[in-house]
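Novice: 3D, please:
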Amino acid sequence: MLSRVIVMVVTLAAAVTAASVGEEATAAAAAAESNRDSKFLPVMQIITFENGPCEASSGEHGTCYSQKECDGLGGAASGTCANGFGVCCVLQVTCDGWSEQNGSYFVNHAYPPPPPPPRHVYGGITPPTGTCQILLEFEDFDMVGPLRGDCTNDTFVVLGANQGSNIPTLCGINTGQHMYLDIDNSDGPFKLVSTMSAFNYMRRWKIKVTFIDEKHPCKTPFRCLQYFTEPTGAFSSFNFGGSPSQMLNGQMYSICFGYVPGYCDIGINYNRYDLGNINGDCGNDYTANAGDKLCGDFLTTTSQLNATGPISLTVFTDDNNEREEEGFSAAYMMMAC
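Specialist: Model (predicted):
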């Protein structure tokens, strides 16, 4: 969609011609004097620009709109864009609000101050036609943590993804995490739901919502909850490093790695791995790649994901974390072929 800004620039019209000498000059001068106003012609320029992404002066991501459009959408202008003709508009959805704008943020009421417990709030999402995935980026997320792996106090759930999607229920600390939601076979409604208990805690969340269509460069393989495309990076289980740092129960999702030309296998260096039995019998708590399972309690350990096809690491946990296992945190490196 194009936003249109109208700028009026007043210039001198080039309608005055050189006058002859003598009487013709006198007559021309008189005519010029009597018609002076007609010699100054206002010129209007129509400036158009795309409503594309922009970097707000606040450090957030926004969308380039005219000031009037931003005000109409209930957004907050933060810096300029389109060579100063537009504003970088930051859009937020809070308690029981809805948004159809790409790049909106779902935030707690009066972010960053915490909302008063207990509460049950949602942010509704209305993606445009042709959207096949929704990317959630947890720029800030801190809720009451789990009890033996169960989110018994606070919960964050996603509603509306494709039937059969295994979207984890979250609690604890998940700042820096992300999720891709497949919605190509769902009519919604799509909601991000936060439920807060009466537990006294300084909660906050700020989740960026991005719509992805079939041609979007960030589109992931379907059924990949998390996706990494850089040659090096890091990942961790949800709520790793939380308070308490515990693996969440009932997890079943895939961490996928994109194809990068010139790279094949992927080396994983875990700086903490605490998941499943320590006797070699992984049971129902483990990570797996192509049938190879990893479980146990390690301060550091390594593994390698072989490039025999699309590369993914699948995470499984059951409904019991009596040992209060921490989960995992790792750095990865794609290796040259």
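
Novice: C-alpha from now on. contacts and neighbour counts both.
Specialist: Fine.

Novice: Pull the distance from the helix or strand containing residue 227 to the chain's centre.
Specialist: In this structure, residue 227 is located in strand 226-228 according to DSSP states H and E. Put simply, strand 226-228 sits 13 Å off its chain's centre (CA atoms, centre = their mean, to the nearest Å).

Novice: partners of it, with directions?
Specialist: Paired strands of strand 226-228, with direction, are strand 252-257 (parallel) (DSSP bridges).

Novice: I'd like the average pLDDT over the following helix or strand past the strand it pairs with.
Specialist: Downstream of strand 252-257, the first helix or strand assigned by DSSP H and E is strand 263-275. Averaging pLDDT along strand 263-275 gives 97.

Novice: What is the next helix-or-strand element following strand 263-275 packed up against?
Specialist: As assigned by DSSP H and E, the chain's next helix or strand after strand 263-275 is strand 286-289. Contacting strand 286-289 under the criterion 3 or more CA pairs under 8 Å, 6 or more residues apart in numbering; DSSP states H and E are the following elements: strand 292-294, strand 311-316.

Novice: The first one pairs with which strands, parallel or anti?
Specialist: On the basis of DSSP bridges, the sheet neighbours of strand 292-294 come out as strand 286-289 (antiparallel).

Novice: Please name the bridge partners of residue 105.
Specialist: Beta-bridge pairing for residue 105 (DSSP bridges): residue 92, residue 208.

Novice: Quick check: the gap between it and residue 120.
Specialist: Distance, residue 105 to residue 120, by CA to CA, to the nearest Å: 18 Å.

Novice: Mind checking which of those two has more residues around it?
Specialist: For residue 105 versus residue 120, neighbours defined as other CA atoms under 10 Å are more numerous around residue 105 (27 against 15).

Novice: Just to check, the more buried one is in contact with residue 206?
Specialist: Yes - with contact defined as CA atoms under 8 Å, residue 105 counts as touching residue 206 (6.3 Å).

Novice: partner residues bridging the spatially closest residue to residue 328 that is not a sequence neighbour?
Specialist: Distances taken as CA to CA, 6 or more residues apart in numbering put residue 273 closest to residue 328, at 4.4 Å, once the chain neighbours are dropped. Bridge pairing for residue 273 (DSSP bridges) gives the partners residue 298, residue 328.

Novice: how close does residue 273 get to residue 122?
Specialist: Noted for residue 273: a distance of 34 Å to residue 122, by CA to CA.

Novice: What are the buried residues along stretch 70-78?
Specialist: 70, 75, 76, 77, 78 (16 or more other CA atoms under 10 Å).
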